[in-house]
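J.: next come a sequence and a model predicted from it.
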Amino acid sequence: MNANPAFADLPPRAVFFDLDGTLVDSAPDMAAAVNELMARYGLAPHSLEAVRGMIGHGVEKLIERAFAAHSHALGLGDQSASREQMNEIYGRHLTQLTTLRPGAGSALTAARKAGMRTGVVTNKPEGFSRIVLAHFGLSDELDVVIGGDAGHPKKPAPDMLLAACHACGCSSAQAVMVGDSMADVGAARAAGIRCIIVRGGYTELAAEALGADRVIDVLDQLESVFLR
Ligand SMILES: O=C(O)COP(=O)(O)O
Ligand SMILES: [Mg+2]
């Protein structure tokens with residue numbers, strides 16, 4: 001049973017968005033970067049679909065999964081070397097093939113117009129996240145951006161969401177997380193924050209199976225969830 005108050009009973013004061021798979025479709029750029037890394041190790045490229053399934057738990061996990069899919073075990077030295085290479089490669093691929101997901105800009109604008117604080121809470125490194133957000137003109141719509149390398153345990157740990165609440169001066173009960181994956185639902189649950197999942201992101205399970213309070217098809221529907 002859901003212990004969180006319904007949206008209409010307690011309209012959120014802050015809404016926090018996941019980035020990869022929620023606000024942006026970054027998988028094509030991430031796949032290009034992963035495959036450039038695979039090529040450096042003499043390994044075959046992964047399909048876009050396969051890489052979509054590897055995203056969601058940060059860059060280290062993405063690299064680990066990409067090598068593991070080739071049954072290629074990395075030694076300790078290779079782990080940090082490949083991470084450095086991936087950062088260098090992906091730094092050149094941040095906004096080439098990445099697109100804004102439908103309704104992302106208008107959802108942020110609507111939340112701000114309704115007087116809510118807004119944020120991005122992502123497992124993606126913060127510097128990269130800020131570049132992507134600036135590219136799509138979203139930086140000014142956000143009160144807080146917290147990335148996976150900001151010093152907190154990554155989602156599904158609650159810490160990044162709790163830090164975002166603190167930055168926005170609201171309690172967990174006053175906040176909502178909007179995401180695409182199990183990491184988002186897990187973090188929201190652990191933080192005592194209501195969670196909405198947007199269909200079509202990067203998730204191994206069906207959207208309905210993630211255990212969110214609400215599932216929406218597109219970000220445009222957020223406004224009606226809050227106002228209903
Ligand atoms: O970079 C990742 O692995 C996932 O990032 P996200 O938390 O924005 O989905
Ligand atoms: Mg995501």
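T.: Arrived safely, thanks for sending. Owing to the predicted nature of the structure, the values given are computational and were not obtained by experimental measurement. Ligands and ions are numbered 1, 2, ... in the order given.
J.: any residues of the protein in contact with ligand 1? List them.
T.: Proximity of the chain to ligand 1, by Cβ under 6 Å from any ligand atom, involves residues 18-21, 55-58, 62, 122-124, 155. (Glycine included, C-beta is placed from N, CA and C.)
J.: just the strands from the protein, written as ranges.
T.: 14-17, 24-25, 99-100, 117-121, 144-146, 175-179, 194-198, 214-216 (DSSP state E).
J.: between those strands, which gets nearest to residue 165?
T.: Relative to residue 165, the nearest member of those by Cβ to Cβ is strand 175-179, separated by 5.4 Å.
J.: mind giving me the packing neighbours of that closest one?
T.: Secondary-structure packing of strand 175-179 (3 or more Cβ pairs under 8 Å, 6 or more residues apart in numbering; DSSP states H and E): strand 14-17, helix 159-168, helix 182-191, strand 194-198.
J.: mean neighbour count and mean pLDDT added to the strands of the chain, as JSON lines?
T.: Listed next are those as JSON lines, based on neighbours: other Cβ atoms under 10 Å; pLDDT from 0 to 100:
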{"stretch": "strand 14-17", "mean neighbour count": "28", "mean pLDDT": "98"}
{"stretch": "strand 24-25", "mean neighbour count": "24", "mean pLDDT": "98"}
{"stretch": "strand 99-100", "mean neighbour count": "14", "mean pLDDT": "98"}
{"stretch": "strand 117-121", "mean neighbour count": "26", "mean pLDDT": "98"}
{"stretch": "strand 144-146", "mean neighbour count": "21", "mean pLDDT": "98"}
{"stretch": "strand 175-179", "mean neighbour count": "28", "mean pLDDT": "97"}
{"stretch": "strand 194-198", "mean neighbour count": "27", "mean pLDDT": "97"}
{"stretch": "strand 214-216", "mean neighbour count": "17", "mean pLDDT": "96"}
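J.: any idea which helix or strand in the chain has the lowest mean pLDDT?
T.: Every helix and strand of the chain was ranked by mean pLDDT, DSSP states H and E. The lowest is helix 222-227, at a mean of 80.
J.: what helices or strands is that helix leaning on?
T.: Judged by 3+ Cβ pairs under 8 Å, 6+ apart, helix 222-227 is in contact with helix 104-113, strand 214-216.
J.: same for the first one, what does it pack against?
T.: Of the remaining helices and strands, those touching helix 104-113 by 3+ Cβ pairs under 8 Å, 6+ apart are strand 14-17, strand 117-121, helix 222-227.
J.: got the angle between that helix and strand 194-198?
T.: Angle, helix 104-113 to strand 194-198, by axes from the mean of the first three to the mean of the last three Cα atoms, to 10 degrees: 150 degrees.
J.: got a list of contacts for helix 104-113?
T.: With Cβ atoms under 8 Å, 6 or more residues apart in numbering as the test, helix 104-113 has contacts from 15, 17, 22-24, 118, 136-138, 141-142, 178, 219-220, 222-223, 226.
J.: pull out the buried residues from the residues you listed.
T.: Among the contacts of helix 104-113, the ones that count as buried by 16 or more other Cβ atoms under 10 Å are 15, 17, 22-24, 118, 136, 138, 141-142, 178, 219, 222-223, 226.
J.: so who does residue 135 touch?
T.: For residue 135, the contacting residues are 94, 95, 98, by Cβ under 8 Å, 6+ apart.
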